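Asks: what follows is a predicted protein model with its sequence.
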Amino acid sequence: MQVKVLGAAKEVGRSAFQVNCDGVSFLLDYGVELGKEPAYPLQVDPQEINAAIITHAHLDHSGYMPSLFVHGSADVYATPPTFDLSRLLIEDMVRLEKSSLPYDLSEVSKMMLHSKELGYREKVTRGNASFELRESGHVLGGASVLVESQNKKLFYTGDINPRGSRMLREADLDFGEIDLLITESTYSQTDQMPRNESEEKFIEFAYEVLDRKGSLFVPAFSVERSQEIAVVLKNAKFKHKVVMDGMAIKVNEIMLRYPEYLRDAKVFADSVNHAVWVRGESERKKMLSEPAVIISPAGMLVGGSAVFYLQNLALDKKNGIALVSYQGEGTPGRKLLETGKVNIRGKEFRAESEVRQFEFSGHADRTSLFDMMNKIKGNPKVLTIHGDNESCTKFAEEIHERFGFDAHAPIAGEVVTV
């Protein structure tokens, strides 16, 4: 079994790995990295791919898959919610980035024509190799991948949250001895605040802002984070109005169609249906007329209806802004966090509203990554990926020291054999 690292090497973004099993080739993820210009993984020949797999809908794992259909095709496998959410996010990216992408909506449609829906633990066999998806606890329908060929086993975590969340069950790590582990390293060097503490502090802040007759604006990722914040508010029996806007509404609709993928479908439905769903600009303006918690993408303030709320709420000190999503370098969200400044219609202003950050990550933190490593059976080689240089490199060193496994942080283009 040979693995070629195509992306996510000492970086977060453009996850992609080609697994060759003596003539059978699987592509595990094929994502983009969205910066000023989109960045892509190393190219593959679609004719060589026997099956392509999308672990989950986030664009850094799914966003380059349609490029396989520019001059070729391949069967693409994922869970049903992953396909629905991927299509939503990819089509939105095509509209925003049209000039800089190597494919357009017709390739997205071709990808969907070649889509093969797969449930968890359903085995797909190609020649002398097979793969199956395992629940990852990261986003709705999200999966890790187990590949088997000639008594060799590879486990690719994708993005994983072993503990799950209020919405999602914990990750499925029951897979026996393995020979190769490809693991995310995003938060390998940091422990997050315990979730119940984050939730308490967030709810306290929400009451502070609403009690002074302000609105609390929560820019959040459309997939998962927006819905999780709605669940947290409902669970706390929050007494004020909650609003959801932007692409989060379309994601709500998709997620409600897949109750079997949720930890508790009734709690989820009650939470998102308790919120006011904003549809259109006139409703959006109305939401500013009375205090509310307003949840709206984009999580890093790079676009979407979040820009409208930022422009209308950031300059009044009675309002608050709760940053609950990762803030990438160079994004308006990171700028607001570090400098307290916002751009409004081309001009820079100091934000008067109170800005606080809260940890609500869907990724494993340091403690849960090591808990996962403790459960690994066998004596696998380990590739640490999907983190910055330090997170990947140090995590590999620590894995070797603690467990004795042959672990390292690969570079793009590297081929590893087991």
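Replies: The structure has been received and is ready for your questions.
Asks: tell me the contacts of the residue nearest the centre of the chain?
Replies: What sits nearest the mean C-alpha location of the chain, by Cα atoms, centre = their mean, is His58, with 4.6 Å. By Cβ atoms under 8 Å, 6 or more residues apart in numbering, the residues touching His58 are Gly31, Leu89, Val139, Asp159, Val223. All C-beta atoms are positioned from the backbone trio N, CA, C, and that covers glycine.
Asks: for Glu148, helix, strand, or coil?
Replies: Classification of Glu148 using DSSP: H, G, I helix; E, B strand; the rest coil returns strand.
Asks: which residues touch the closest residue to it other than its chain neighbours?
Replies: Spatial nearest neighbour of Glu148, chain neighbours left out: Ser130 (5.2 Å); criterion: Cβ to Cβ, 6 or more residues apart in numbering. Listed by Cβ under 8 Å, 6+ apart, the contact partners of Ser130 are Lys123, Val124, Val147, Glu148, Ser149.
Asks: ok, now which ones touch the first one?
Replies: This points to Lys123. Ser130, Phe131, Glu132.
Asks: output those residues as TSV; include the columns secondary structure, distance to Asp75 and pLDDT.
Replies: Converted to TSV, the contacts of Lys123 look like this (DSSP: H, G, I helix; E, B strand; the rest coil; distance: Cβ to Cβ, whole Å; pLDDT from 0 to 100):
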residue	secondary structure	distance to Asp75	pLDDT
Ser130	strand	14	98
Phe131	strand	12	98
Glu132	strand	15	98
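Asks: state the distance from the residue nearest to the centre of the chain to Ser325.
Replies: 12 Å (Cβ to Cβ, to the nearest Å).
Asks: tabulate the contacts of Ser130 (CSV), appending pLDDT and distance to Val251.
Replies: Output for the contacts of Ser130, formatted as CSV (pLDDT from 0 to 100; distance: Cβ to Cβ, whole Å):
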residue, pLDDT, distance to Val251
Lys123, 98, 29
Val124, 98, 27
Val147, 98, 29
Glu148, 98, 33
Ser149, 97, 36
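Asks: surely Val19 touches Lys152?
Replies: No. Using Cβ atoms under 8 Å, Val19 is not in contact with Lys152, being 10.2 Å away.
Asks: these two: who's more crowded?
Replies: Neighbours were counted for Val19 and for Lys152 using other Cβ atoms under 10 Å; Val19 has more, 25 against 16.
Asks: sketch out the low-pLDDT regions of this protein for me.
Replies: Along the chain, the model assigns pLDDT under 70 to no residue.
Asks: buried set for stretch 387-397?
Replies: The neighbour-count criterion (16 or more other Cβ atoms under 10 Å) identifies Gly387, Ser391, Cys392, Thr393, Lys394, Phe395, Ala396 as the buried residues of stretch 387-397.
Asks: SS state for the last one?
Replies: The three-state label given to Ala396 by three-state DSSP is helix.
Asks: look up how far Arg366 lies from it.
Replies: Taken as Cβ to Cβ, the span from Ala396 to Arg366 is 14 Å.
Asks: count of neighbours near Pro259?
Replies: Pro259 has 12 nearby residues by other Cβ under 10 Å.
Asks: these two touch, right, it and Met167?
Replies: No. Pro259 is beyond contact range of Met167, at 11.2 Å (criterion: Cβ under 8 Å).
Asks: now the nearest residue to Gln189 once chain neighbours are set aside, what's its secondary structure?
Replies: Once flanking residues are discounted, Gln189 sits nearest to Ser391: 5.2 Å by Cβ to Cβ, 6+ apart. When classified by three-state DSSP, Ser391 comes out as helix.
Asks: pretty sure Ser391 is touching Glu11, no?
Replies: No. In this structure Ser391 lies outside contact range of Glu11 using Cβ under 8 Å: 9.9 Å.
Asks: which parts of stretch 100-116 count as buried, going by neighbours?
Replies: Leu101, Tyr103, Glu107, Val108, Lys110, Met111, Met112, Ser115.
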